[in-house]
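Undergrad: Sequence and predicted structure below; questions after.
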Amino acid sequence: MKLELRGITKRFGSLVANDHIDLLVEPGEIHSLLGENGAGKSTLMNVLYGLYQADKGEILLDDVVQQFAGPGDAMKAGIGMVHQHFMLIPVFTVAENVMLGHEDTKFGGLLDLAGAREKVREISARFGFDVDPDALVDDLPVGVQQRVEIIKALSRDAKVLVFDEPTAVLTPQETDELMVIMRQLKESGTSIVFITHKLREVRAVADRITVIRLGKVVGQATPTATNEELASMMVGRAVDLMIEKGPAHPGPVALKIENLSVIDPRNQLVVNNVSFEVHEGEVLAIAGVQGNGQTELTEAILGLQPKVTGTIELDGNSLRRSVRKTLDAGVGFIPEDRTEDGLVAEFTIAENLMLDRSHKPPFVKWGTLQLKYLAEFATEKIKEFDIRAQGIETRAGQLSGGNQQKVVLARELSRELRLFVAAQPTRGLDVGSIEFVHTRIVQARDAGVPVIVVSTELDEVVALADRIAVMYRGSIVGIVPGNTPRNVLGLMMAGEMPKTVESAA
Amino acid sequence: MSNDQIPAEGQLPAVTGESNELVDVLEPGQKPGEMIEEPSRSQQVIRDIMGGTAVISVLAVVLALLAGAILIALTDKGVQAASGYFFSRPGDTFKAIWDAASGAYSALFQGAIYNFKRDNFADGIRPLTETLTFATPLIAAGLGVAVAFRVGLFNIGGRGQMLVAAGAAGYVGFAWPLPFGIHLIVAVVVGMLAGAIWGGIVGLLKARTGAHEVIVTIMLNYIAFYLISYLLATPGALQAPGSNNPKSPPMLPTAVFPELLGPKYNLHLGFLFAIAATVFAWYLINRSSLGYQFRAVGENPHAARVAGIKVPNIYVYAMLISGALVGLAGVAQVLGTVTTGFSAGIDASIGFDAITVALLGRSRPFGVFFAGILFGALKAGGYTMQAAQSIPIDIVLVVQSLIVLFIAAPPLVRAIFRLPAPGTTKKPRTPVSNARKAEVAK
């Protein structure tokens, strides 16, 4: 099916999220929509999917103008969406999820589960998905859950499939498998719109690329374009994809972790007997697919995990006392979920800047907030960290992701640090903010601070790491030098330690 | 980076169709809530209500008064009689409606603020002092509830905290002969401590065992009520000697709150305590380190915990202070308003009205102060309405309840007055949950 968007304009108040966007997706084509966060990609797709009504412009399928009042209409017309966050009910089986929203019933309102199962098996067999229709979604790995989403869309005869940032939650291997699936779908005649900001994936799979910036189409490109070309189109200026980073000058060991294990509240062993050291002035990156214990490891260092065994020593002193004492010992922390754990959305920027020093000078004297000092401090940090906001009284929840992260960064880097732990520091950020955050992390390292960066992005790991520890199912597969090739890291992320690789533990 | 001006896609106002709750369940790497529970639905409700503007509060009052006028008209005998011949003389009906409503509200005004029927100012102003007297415990208890709200806790236990505080302060008041001045201070301190302990139990149970504060406070209300009833019926405890009634002896004169404006008026020292409590609560919430931590925990307990704030301890501190402030209301009742001895009904359901006052004041200390005065006025004026216009006191209570209803539903008020939805100054819900969505993008 041919999909055409003509002059789509969508405003939110004074903000023009989509400004006369034209897009043409030929039948059986993988068309990549490339743009930074906030460029208007998702808005455009929500218009296409009937979730938003466009202020201007029209949607054509096979040259017929369509009117979508809601997702139901879009689905009927043959548009399927694989959301970034899966719209699945975890306690339902695959078949139940697939039939959800268009349940076939038999006599007496009985659900036709057998039919749904058959449908899942049929589609699953057609593309070699290997999905059990009776498995509970909750028990499935993320990659398989995504296939369930695809099956769901295909079961409604989708001719145009929209993938909204589909690789965000996948391992490199799962990503490769998804690419294969996308090519298969394409060969069977499905048109695909692939929304992403990851340049490598675009070049690997797209037939054509449309780049969006600030709500406008800024150009078309072919997969032969270089990363630098695509990035500068996305950002609107030349971008250094690799930040400048001199060689590390590691000092003595600062953080020493031995035999650390963490049991989560569901009584699962999530970190299994992990030991490593971090030296002053080096970046240890902890790589691995999401959910292999990295989160719990950083939380254990901070003192946020209740059931921990083993030792964590910073400068020879045990850290395992309380979060307060850990922070006071000079540990800076960027939590991986900044809106949930890093910021109080209803607080102003200024208030957020004192969040982890709410009990002592300089922000508090005699139990009283030092508002004047706080205002001066916040004004200075807004400038220093290039936080784009109307003023220090702006609520953190109103900031864009990049600016929110800069607030967290400003808060954590404004203290005297003895250890800096950054979990997923650039997740969801635009290219410009990523550059900024990376530069700051390297600056901290160069100032002699031991740094731990947890990342699921190989790009980020490779850009920042002096040494790389790869985690898999709660254990460290190995610690390797920062220049280890990506394919080796990919293997390690799947739990295999190639024999040829030298260890840097 | 120039497009930092544009909020991330997910932050655009408008809801992205399918439910975000589903999304949250499956979020990768989501960690289970450990020491603190997930911000519950009730905390979200508190946040939504507090997010309303002062305009909403005022408009809610206006709407409630309008609805009250309709009710008054409907229940008025004159209106009912005139509507019998509505089609022959419709003017009569409208006049009757106007008479009923305006008569009721002017009686309310004259009963609550200034009585024009009196000759001199000193007599005319008496209703206002009555209003302030009624407002005193409402303000104190309202502040207590508001402090708990700011930490994300629903303190429904005002009744129990007031009763315990009243019992303790009352006991000191009639049983301990102490010198003038000292007696009063000791009674107030003991009463507030009792309230603080009763509230602190709730905080402790929540912090240590995760028990929900709503259930615990409600149960503690019963415990306090029957405990005080028992003590009031037990000779040698709170019961007046030589009496069979479940009632305490009168307060010793040294413990009674002095009247502020002389014996002609009922207004007592308790009102100054209420003002002091308001200033204290303002300082606590807006200027103190502890209050900052209160607000941080109330808005986002996860971030507070990561920032080293001990969330369980904050729950305990907040409930201690909340209980002490509510306790002050109980103290003001026994030492100021009803000094001739108290019974188990001494709380006069102020503990529950305090929730309304805190909501109407949007949990801001000075907002609570004025909301308390408004409710004091409704109480003082309500009796005049009943006496002068024979309007049932229930109607006044209906108006009060309507105020709460309108405050609890800001979208309703906005819809009626066609106010803009808070989309431009984004409410926390959509952006936050959607920002989380956008976040996993990388």
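TA: Now that the structure is in, tell me what you want to look at. Residues are numbered from 1 along each chain as shown, chains lettered A, B, ... in the order given.
Undergrad: Now do the buried residues in stretch B:92-104.
TA: Neighbour counts using 16 or more other CB atoms under 10 Å in any protein chain shown place B:Asp92, B:Thr93, B:Ala96, B:Ile97, B:Asp99, B:Ala100, B:Ala101, B:Gly103, B:Ala104 of stretch B:92-104 among the buried residues. C-betas here are computed from N, CA, C, even on glycine.
Undergrad: Can you tell me the closest non-neighbouring residue to B:Trp282?
TA: B:Pro365 (4.1 Å; CB to CB, 6 or more residues apart in numbering or on different chains).
Undergrad: how close does that neighbour sit to chain A?
TA: Remark: distance between B:Pro365 and chain A (CB to the nearest CB, to the nearest Å) = 16 Å.
Undergrad: who touches residue 177 in this structure?
TA: No chain in the question, so chain A it is. A:Gly143 (CB atoms under 8 Å, 6 or more residues apart in numbering or on different chains).
Undergrad: other chain: chain B
TA: Here B:Pro177 is in contact with B:His183, B:Leu252, B:Thr254 (CB under 8 Å, 6+ apart).
Undergrad: right, and the last one touches B:Leu178 too?
TA: Yes. When contacts are counted by CB atoms under 8 Å, B:Thr254 is listed as touching B:Leu178 (6.4 Å).
Undergrad: for the strand or helix carrying B:Ile275, what is the average pLDDT?
TA: Following DSSP states H and E, one finds B:Ile275 within helix B:270-282. Taken as a whole, helix B:270-282 has a mean pLDDT of 96.
Undergrad: next one: stretch A:108-127
TA: 85.
Undergrad: Residues contacting it, please?
TA: By CB under 8 Å, 6+ apart, stretch A:108-127 touches A:94-96, A:98-99, A:103-106, A:129-131, A:133-134, A:147, A:151, A:154-155, A:181, A:184-185, A:188.
Undergrad: quick one: contacts for residue 137?
TA: In the absence of a named chain, this looks at chain A. Contact analysis of A:Val137 by CB under 8 Å, 6+ apart lists A:Leu88, A:Ile89, A:Pro90, A:Val91, A:Phe92, A:Thr93, A:Val94, A:Asn97, A:Gln145, A:Val148, B:Leu26.
Undergrad: Not quite, go with chain B.
TA: Listed by CB under 8 Å, 6+ apart, the contact set of B:Pro137 reads B:Met162, B:Gly270, B:Ala274, B:Leu328, B:Ala329, B:Gly330, B:Ala332, B:Gln333, B:Thr337, B:Ala348, B:Ile350.
Undergrad: Return a ChimeraX selection command for the buried portion of these.
TA: Buried residues within those, by 16+ other CB under 10 Å, are selected in ChimeraX with:
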select /B:162,270,274,328,329,330,332,333,337,348,350
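Undergrad: how about the contacts of B:Pro137 in TSV, adding secondary structure and distance to A:Gln268?
TA: Shown next, in TSV, are the contacts of B:Pro137 (DSSP: H, G, I helix; E, B strand; the rest coil; distance: CB to CB, whole Å):
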residue	secondary structure	distance to A:Gln268
B:Met162	helix	46
B:Gly270	helix	56
B:Ala274	helix	53
B:Leu328	helix	48
B:Ala329	helix	48
B:Gly330	helix	49
B:Ala332	helix	54
B:Gln333	helix	53
B:Thr337	helix	58
B:Ala348	coil	53
B:Ile350	helix	49
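Undergrad: and of the contacts of B:Pro137, the nearest to B:Thr133?
TA: For these, the residue nearest B:Thr133 by CB to CB is B:Thr337; the value is 6.6 Å.
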